[in-house]
Each structure stands twice: as C-alpha cells, then as structure tokens.
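**Q** 3D, please:
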Amino acid sequence: MRYPLLLVHESDGRLAALLRPLAELKAWSLREPRRLESCLKLLDRTSLAVLVLRVGRDLEREFTLLEAVTRAFPECAVVAVVDSTHPRLPGLAWDLGASYVLPTSAARERLGDLVEALLERQLDA
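**A** Next up is the predicted model:
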C-alpha cells in the first residue's frame, strides 16, 4: 500500500495547522521539513506526495527548494502559497514548476480541497 505524504515548508506553521485535520482524517503523513535536504530525503522515499510551499519571506531559499523538487521529483505536485503582493512572484513560481499557485488570501478556502484532489489523483494513477 502506498501512503500519501504531505510536506509543508513554511516558517510559522499556519498552513500546516490548516491542513492537519484533513491529513488526520485521510491518514496522510504530514511533515514540516525546514531544510532543503530534509525535504528531498522525504520525497526520495515515496512517489505519492504533495509539497505546500509558502513563498514570500526568503525568496532565494524558497525558490531554490521549488526548483530542486520539481527537477528531482517531477511527479510531486507543488502548491506555492504566495505571501507577497509582488506581481512577478506567482509567475516565477509557475516558471520554476509549481503545479498550482495560490495567494495567501485564498489558502484558507481552497488549499485543503486542492491538496486533497492532488493526492487523490496520484492515488488513482
């Protein structure tokens, strides 16, 4: 049996708290890696994963992680939640391989459904 992995990379834990009830309900493993190396090690162990990445506080580190994950694990869906109102950040996230880009204002309403759909799609494949 394949066990879904939900990775949340952020500094404050808000997105993880938002997704934790869904992960518990669905019996998904929710992890919060803080470093690029940790994230890549976790992804190396599974082919069924979604990474939720908050973008806007340390752009170089966040976009390095986004590019590394999409290059090394193209089957991993990446949802970039963009904090900043800078008009070019969403486009850059798309260019670096994000599967979906959401503004922070939409995360509370849409993130859970989006992550669920992405993991369910992977389970069905």
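**Q** what's around Arg35, how many residues?
**A** Neighbour count for Arg35, taken as other CB atoms under 10 Å: 11. Bear in mind the C-beta positions are built from the backbone N, C-alpha and C, glycine included.
**Q** Now do Asp83, the pLDDT please.
**A** Asp83 carries a pLDDT value of 85.
**Q** what's the distance between the closest residue to it other than its chain neighbours and Ala98?
**A** In space, and not counting its chain neighbours, Asp83 is closest to Gly56: 2.9 Å by CB to CB, 6 or more residues apart in numbering. From Gly56 over to Ala98 the distance is 13 Å, taken as CB to CB, to the nearest Å.
**Q** Looking at the two, which one has more neighbours?
**A** Ala98 (24 against 18).
**Q** How much space separates the more buried one from Val81?
**A** 10 Å.
**Q** List the buried residues in the longest helix seen in the chain.
**A** Criterion DSSP state H: the longest helix present in the chain is helix 104-124. Neighbour counts over helix 104-124 (16 or more other CB atoms under 10 Å) mark Thr104, Ala107, Leu111, Gly112, Leu114, Val115, Glu116, Leu118, Leu119, Gln122 as buried.
**Q** Correct me if wrong, but Leu7 is in a strand.
**A** Yes. Counting by DSSP: H, G, I helix; E, B strand; the rest coil, Leu7 is part of a strand.
**Q** Tell me the spacing between the residue most central in space within the chain and Pro87.
**A** Ranked by distance to the mean C-alpha position of the chain (CA atoms, centre = their mean), the top residue is Val52 at 1.7 Å. Noted for Val52: a distance of 22 Å to Pro87, by CB to CB.
**Q** If anything else comes up later, I'll come back, but that's it for now.
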